[in-house]
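Asks: missing the sequence, but the structure's below:
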């Protein structure tokens, strides 16, 4: 049954290790949700986890990667002084 569902969805049934099962596809689905959905409660709901702690425990690494990427995207380039000694003590970059 799962093989037919995968074929209908255009998803490879066999993974790199030559195995595929419900759990591997579920993990891929939830990981993708974590990467693309900023609303954690939606991820928990679609994962059908009763306890959000379970979702956070298993997928928190992905959420951390998303937060890091979001912060990096917001960083503005800092102009570098051609002669740092010209900056006053309070303005010197760390």
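Replies: Sure thing, it's come through. If you're wondering where the values come from, they're calculated on a predicted model, not measured in any experiment.

Asks: Can you mark which positions in stretch 14-23 are buried?
Replies: The neighbour-count check on stretch 14-23 (16 or more other Cβ atoms under 10 Å) flags residue 20 as buried. C-beta: built from backbone N, CA, C; applies to glycine.

Asks: actually stretch 37-53, not the one I wrote
Replies: 43, 44, 47, 49.

Asks: pLDDT score assigned to the third one?
Replies: The one in question is residue 47. We have a pLDDT of 91 for residue 47.

Asks: In space, what's closest to it - neighbours in sequence excluded?
Replies: Closest residue to residue 47 apart from its sequence neighbours, by Cβ to Cβ, 6 or more residues apart in numbering: residue 30 at 4.9 Å.

Asks: Phi and psi next, for the one you found.
Replies: With angles defined as degrees, to the nearest 10, residue 30 sits at phi -70, psi -40.

Asks: hang on, the earlier thing: can you tell me which of the buried residues of stretch 37-53 is nearest residue 2?
Replies: residue 47 (18.3 Å; Cβ to Cβ).

Asks: I figured that closest one hits residue 33, correct?
Replies: Yes - taking Cβ atoms under 8 Å as the definition, residue 47 is a contact partner of residue 33 at 7.2 Å.

Asks: And the pLDDT for the residue nearest to residue 47?
Replies: 89.

Asks: hey, which helix is longest across the chain?
Replies: Counting residues, the longest helix found in the chain (DSSP state H) is helix 52-74.

Asks: gap between that one and the chain center?
Replies: What separates the centre of helix 52-74 from the centre of its chain is 6 Å, taken as Cα atoms, centre = their mean, to the nearest Å.

Asks: how about it: buried residues?
Replies: Neighbour-count burial for helix 52-74 [16+ other Cβ under 10 Å]: 55, 59, 62, 63.
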